[in-house]
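K.L.:
Please find the sequence and the predicted model below.
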Amino acid sequence: MRVKEELAALRPAAPAERRALLASLLRFAATLHIGGAAEGSGEPQGGAPVSKGPGPDRSRFTLVLTGGSGGVARLAFWLLHAGYGVRADFRVREAGALAPRSRYEVVLAERVEQVLADTGILDAAGRLSFGVGGGLLRGRDAAACFVRGAFLGRGSVSGPTREPHLEIGAPEERTAAALAAALVRLGLPARASVRGTDQHRVVVKGGEAIGRALLTMGAQSAYLAWEDGRIRRQVRGEAVRLANADQANLRRSVAAAMTQVVAVERVVGQQGWERLPADLAAVAALRLAHPDASLAELGALLDPPRSKGAVLARLRRLASMAPAEAGGEEWPGTTQPGEDA
């Protein structure tokens with residue numbers, strides 16, 4: 001909700017940007033009533049669906065924009081007044097048993113045909129038009145305003161510390177495709193999809209892409225908070241991953257060292273210390289004396305010091321000295337995590 005309040009506070013100066021913003025707000029969050037003024041509205045049905053009201057006069061339109069944000073309602077009120085000189089009714093429906101949150105309505109009953117035609121919702125013949133006309137989205141700024149209005153109407157974004165997900169519901173397939181195309185034109189990876197049978201939506205995924213989407217729509221503060229949360233989430237995830245990897249490496253190292261100790265004891269018991277070459281006896285003695293040491297640490301204790309690869313080679317030679325029936329084949333776990341032969 002804070003993202004929407006920030007975006008709703010922006011007031012485009014250019015007429016083309018105001019027109020694109022109003023068009024998307026109406027497409028995604030308004031209902032159109034024909035044949036009498038609406039006394040109220042239910043949930044917003046984007047794309048300006050038609051509901052026939054009472055009375056024989058079908059030429060009168062009433063436009064109702066409904067949402068849960070007072071900032072969005074004030075923005076729509078301003079756009080209508082700044083662009084067409086009309087003053088819509090502003091209504092607040094308080095929360096109740098059936099509606100846990102307050103709902104805000106902007107109701108327009110004058111010059112509705114002009115507004116609908118100018119925003120591309122009615123075509124030249126006065127019929128409802130679906131999709132989005134190309135002339136409405138000329139220029140990057142107008143396209144960004146259209147995306148902003150769609151998000152204000154039906155959009156949602158996950159918190160910065162949660163799995164990144166930005167979604168905008170769409171009234172029908174052609175409008176969803178047009179919105180996805182506008183996002184792609186702005187350099188944002190988006191795709192239109194359908195949930196269930198007829199719930200069209202446009203989705204942007206990926207922390208970096210969602211951050212750029214917020215910035216493109218104009219939510220500067222939300223973008224900074226998103227990036228901060230995204231980086232914190234990545235750092236925390238990387239720290240957990242490294243901790244888990246360290247624990248796994250430690251377990252493997254301990255298991256490998258214990259296997260080596262058992263094998264050295266077996267070789268010494270079968271061959272005796274006096275039959276072992278001096279270099280192998282030195283490694284065997286160090287392994288028995290330091291069962292938890294790494295290969296590199298054993299190499300440092302030799303005189304003269306040897307590399308971990310040289311220590312590993314000696315341990316393998318020790319393993320090969322025991323008869324196969326006694327388990328003298330090369331044992332698993334000789335190579336310890338992070339150490340090369």
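P.N.:
Nice, I can see it.
K.L.:
Just give the closest residue to residue 151, not the sequence neighbours.
P.N.:
Using CB to CB, 6 or more residues apart in numbering and skipping the chain neighbours, the partner closest in space to residue 151 is residue 168 (5.6 Å). The way it works is simple: take the backbone N, C-alpha and C, and place the C-beta from them, glycine included.
K.L.:
How many residues are close by that neighbour?
P.N.:
Using other CB atoms under 10 Å, residue 168 has 28 other residues around it.
K.L.:
pLDDT wise, what is residue 4 at?
P.N.:
Looking at residue 4, its pLDDT reads 91.
K.L.:
domains for the chain, by residue range?
P.N.:
2-218, 255-326 (automatic domain parsing).
K.L.:
now the longest helix along the chain, how far from the centre of its chain.
P.N.:
Taking DSSP state H as the criterion, the chain has its longest helix at helix 220-271. Distance of helix 220-271 from its chain centroid, counting by CA atoms, centre = their mean, to the nearest Å, is 27 Å.
K.L.:
what does stretch 304-316 give?
P.N.:
The answer for stretch 304-316 is 49 Å, by CA atoms, centre = their mean.
K.L.:
Give me the buried positions along that stretch.
P.N.:
Buried residues in stretch 304-316, defined by neighbour count with 16 or more other CB atoms under 10 Å: 306, 308, 310, 311, 312, 313, 314, 315.
K.L.:
Which parts of the stretch 51-200 of the chain are helices?
P.N.:
70-84, 112-118, 140-154, 173-185 (DSSP state H, counting those that start in this stretch).
K.L.:
elements contacting the shortest one?
P.N.:
Put plainly, it is helix 112-118. Secondary-structure packing of helix 112-118 (3 or more CB pairs under 8 Å, 6 or more residues apart in numbering; DSSP states H and E): helix 15-29, strand 61-67, helix 70-84.
K.L.:
quick check: angle from the shortest one to helix 70-84?
P.N.:
Okay, so that is strand 61-67. 150 degrees (axes from the mean of the first three to the mean of the last three CA atoms, to 10 degrees).
K.L.:
Export strand 61-67 to CSV, keeping only CA atoms.
P.N.:
Taking Å, rounded to 0.1, in the frame of the first residue of the first chain, the C-alpha atoms of strand 61-67 are listed here in CSV:
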residue,chain,number,x,y,z
PHE,A,61,-23.2,7.1,-18.8
THR,A,62,-21.9,7.0,-15.2
LEU,A,63,-18.3,6.1,-14.6
VAL,A,64,-17.3,4.7,-11.2
LEU,A,65,-13.7,4.2,-10.1
THR,A,66,-13.4,2.1,-7.0
GLY,A,67,-10.4,1.1,-4.9
